[in-house]
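**Student:** have a look; sequence and predicted model below, questions after that.
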Amino acid sequence: MVLQDSKYLGHLFEKGKVANKENKIEEAKNIYESILENDPNCIEAWNNLGVTLCELDQYRKALDAYSRIKENNRTAKTWYNISLVYYYLRDFEKALNCIQKTLKLNAYDSAALDLRGKIQVEQEDYQSAMESFVLAFSTDGEPKFLLWDAYSLYLYMEFSEGIDERTQRKLLHMLIRRLERLEEITHSHHRRKILDLSDSDSDCDICQQSLYYLGCAYSRYKDYSTAIDRLEQCIQENPSSRIAHAAKKLLQQNWSQIRSSPWKWWIQSSPYLNRRIKKIIAIFVLTLLVLMIIVFLAHPLFGWKDKVEWSTYLFVASLLLILLLSPGVEQITAKDIEIKMHASSPFDPFPSPAKMEDDIGAMSEISNEIN
């Protein structure tokens, strides 16, 4: 009879795990509660009941479930799950204490190192967070951890006290190097996943995200040409994504910073007019201007001195010149013929930290672990 009960409870336990995986959380909760009615000392059932209660946002009940497991019987997974509950409750001191116990039991648990880094970000201990994310990357080579590392460096650069302008520029240069390296690593990781026939969509998202942040960093560095290159690469990765939409806006802002060179805008820029069409327009207008200058210089030689309608000639030449200069023109004053060119307006290329964390977090969600 005991053997039959044991088999039945084992069957229920497996059924509960399947329900968890299929996101049937209420069903899983009921299954684990029925197991515990028959076996109140089942450590795995208490752990998994805590997981389901956490999924249902019943954090205090989840902590009560975990508390039924004696400390000397808690596994690395149990300590991780308890830490995660405290993280959601924003009790970061207790969360950090529990995750340290996880890492004492398993020092190379990438999920625990990742959670420790996120707790340290919340505590504004950005340097320790960077160390945690790099250690997480070193355990399994997932590029998402390096994206969090770059984000932590950005926060350290942006919000740490006592950083002078020279140090901030040095940190910005360091951020650019890390993001460039991340982009290389992500491409390499993506190629390996393709060869292994495994899912690689997350790598594409991380690559696009890193290219976007490179565009932001180069913009802050005032290297607008490189920023434009990185943003165009970002858009090409997935033109319909939310990140591509943000990259297009930033691309326009970067072009506005180099409008003082209209020729470059006509020949090289690529926001929304077809690049080839713009080249044709620019070359055509420039050719007409050159021909008009030739006529102006050579007309006495051909006896055209009294045959040219100079008012019309100058009017057309002025229109052509203004057309070529139009990307940089802000205002034209008729009196005294004054043309005011656009001045580059300052802008902050980086999105808010909350927006950055939302985008990065979507690629690396943390979750409870069942036994």
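**Tutor:** Sure thing, it's come through.

**Student:** now do the buried residues in the helix or strand where residue 64 lies.
**Tutor:** Element membership of residue 64, judged by DSSP states H and E, is helix 59-67. Within helix 59-67, the residues scored as buried using 16 or more other Cβ atoms under 10 Å are 59, 61, 62, 63, 65, 66. Backbone N, C-alpha and C define where each C-beta goes, glycine included.

**Student:** read off the pLDDT value for the fifth one.
**Tutor:** The score at residue 65 is 94. That number is its pLDDT.

**Student:** wait, it touches residue 50, no?
**Tutor:** Yes: if you go by Cβ atoms under 8 Å, residue 65 and residue 50 touch, sitting 3.9 Å apart.

**Student:** distance to residue 350 added to the buried residues of helix 59-67, as a markdown table?
**Tutor:** A markdown table is the format used below for the buried residues of helix 59-67 (distance: Cβ to Cβ, whole Å):
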| residue | distance to residue 350 |
| --- | --- |
| 59 | 33 |
| 61 | 40 |
| 62 | 36 |
| 63 | 37 |
| 65 | 41 |
| 66 | 39 |
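
**Student:** residues in contact with residue 97?
**Tutor:** residue 83 (Cβ atoms under 8 Å, 6 or more residues apart in numbering).

**Student:** and the one helix or strand it maps to, C-alpha only, in CSV?
**Tutor:** Element membership for residue 97 (DSSP H and E) is helix 92-105. C-alpha atoms of helix 92-105 as CSV (Å, rounded to 0.1, in the frame of the first residue of the first chain):
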residue,chain,number,x,y,z
PHE,A,92,17.1,43.7,-1.6
GLU,A,93,19.2,43.1,1.5
LYS,A,94,17.4,39.8,2.2
ALA,A,95,17.4,38.9,-1.5
LEU,A,96,21.2,39.4,-1.6
ASN,A,97,21.7,37.4,1.5
CYS,A,98,19.7,34.4,0.1
ILE,A,99,21.4,34.5,-3.3
GLN,A,100,24.8,34.4,-1.6
LYS,A,101,23.7,31.2,0.1
THR,A,102,22.7,29.8,-3.4
LEU,A,103,26.2,30.6,-4.7
LYS,A,104,27.9,29.0,-1.7
LEU,A,105,26.1,25.8,-2.7
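
**Student:** list the buried residues in it.
**Tutor:** Of the residues in helix 92-105, those buried (16+ other Cβ under 10 Å) are 92, 94, 95, 96, 98, 99, 101, 102, 103.
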